[in-house]
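Student: How does the following fold in three dimensions:
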Amino acid sequence: MSTKTAVITGAGSGIGYAVAAAFVREGANVVLNGRTEDKLTRAAAQLDRPGQLAIVSGDVTRPETAERIVAAAVGRFGRVDILVNNAGTFAAKPFTDYSVEELDTYLGYLRGTYALSQAAVRQMRRQGDGGAIVNIGTILASNGVHGVPSSAPIAAKGGITALTKNLSVELAADNIRINAVAPGIVPTPLYGDLSDEQLESLNDMQPLGRYGTPQDIADAVLYLAGATWVTGVVLPVDGGVAAGGDGTYHGTKQVSASAAV
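Tutor: Down below sits the predicted model:
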């Protein structure tokens with residue numbers, strides 16, 4: 001079979017960049033998507049595998065971006081085998097402080113995941129040999145954490161979890177597998193600058209004694225992308241919080257973050 005082609009959204013930094021780097025190391029061709037072309041260009045330079053990389057900048061919440069991404073993948077590499085829906089935004093704050101406009105922003109990423117998955121599935125069906133989609137959700141969609149109030153983004157992430165389960169059954173006959181990773185707290189540029197005290201408090205929230213890294217999530221994505229008899233799984237990668245950790249935040253400040261990838 002030809003070299004696999006993976007499409008990664010939100011690939012300019014953080015988890016998306018770690019996932020892209022993991023696929024590059026595996027020898028895959030990789031299409032990097034993000035909002036900002038300069039950021040993607042810097043990421044591609046760091047990956048230093050120009051023959052394996054393509055860049056498609058654009059807002060993935062817009063349906064036309066989805067079509068451009070898949071068209072670029074096919075035009076450059078001839079196919080789409082793996083899609084990782086990672087792009088998103090996040091801001092933790094109390095429920096009554098979110099505006100309806102902010103909720104719409106989060107739901108835009110759910111629509112973007114839907115549209116890009118549709119475009120990728122159409123291409124995978126044309127190829128006729130299956131494929132894999134891995135969605136990046138969050139453990140907060142099933143396990144609330146007192147110190148991380150985040151109802152608006154979690155409403156959208158919950159939709160992604162439901163979509164994962166539903167599509168895994170619908171697309172099984174096409175041998176297109178749909179899974180998700182549900183990260184715990186993984187400090188990335190999305191979280192902004194955290195103090196040493198805050199980072200130490202994040203460690204205290206995890207039964208395994210440390211917060212996650214982008215590489216932890218990339219390892220899980222690689223597994224789900226390659227596990228040919230696994231579909232419909234939402235895999236917690238959270239240091240043990242979902243297994244029964246209390247998720248209690250022991251710091252003096254709430255976790256806060258506001259960014260988009």
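
Student: make it CA atoms for all contacts and neighbour counts henceforth
Tutor: Noted.

Student: Strands of the stretch 1-150 of the chain, start to end?
Tutor: 5-8, 29-34, 53-57, 82-85, 89-90, 131-136 (DSSP state E, counting those that start in this stretch).

Student: where among those strands is the average confidence lowest?
Tutor: Least confidently modelled of those is strand 89-90, at a mean of 87 by mean pLDDT.

Student: Tell me the gap between that strand and the middle of its chain.
Tutor: Distance of strand 89-90 from its chain centroid, counting by C-alpha atoms, centre = their mean, to the nearest Å, is 11 Å.

Student: likewise stretch 16-30?
Tutor: That offset, for stretch 16-30, works out to 14 Å (C-alpha atoms, centre = their mean).

Student: One more: stretch 96-104?
Tutor: 22 Å.

Student: ok, and what's touching it?
Tutor: Contact partners of stretch 96-104, identified using C-alpha atoms under 8 Å, 6 or more residues apart in numbering, comprise 152-153.

Student: and that stretch, how far apart are its ends?
Tutor: 15 Å (C-alpha to C-alpha, to the nearest Å).

Student: circling back to that earlier point, nearest to Gly239, of the strands of the stretch 1-150 of the chain?
Tutor: strand 131-136 (16.2 Å; C-alpha to C-alpha).

Student: Burial check on Arg62, number of neighbours?
Tutor: 15 (other C-alpha atoms under 10 Å).

Student: That one and Ile69: what is the separation?
Tutor: 11 Å.

Student: Just to check, Val84 is in contact with Gly131?
Tutor: No: using C-alpha atoms under 8 Å as the test, Val84 is too far from Gly131 to be in contact (11.4 Å).

Student: on that earlier part again, including distance to Val121 and mean neighbour count, could the strands of the stretch 1-150 of the chain go into CSV?
Tutor: Below are those laid out as CSV (distance: least, C-alpha to C-alpha, whole Å; neighbours: other C-alpha atoms under 10 Å):
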stretch, distance to Val121, mean neighbour count
strand 5-8, 12, 26
strand 29-34, 16, 27
strand 53-57, 19, 22
strand 82-85, 9, 26
strand 89-90, 24, 18
strand 131-136, 8, 26
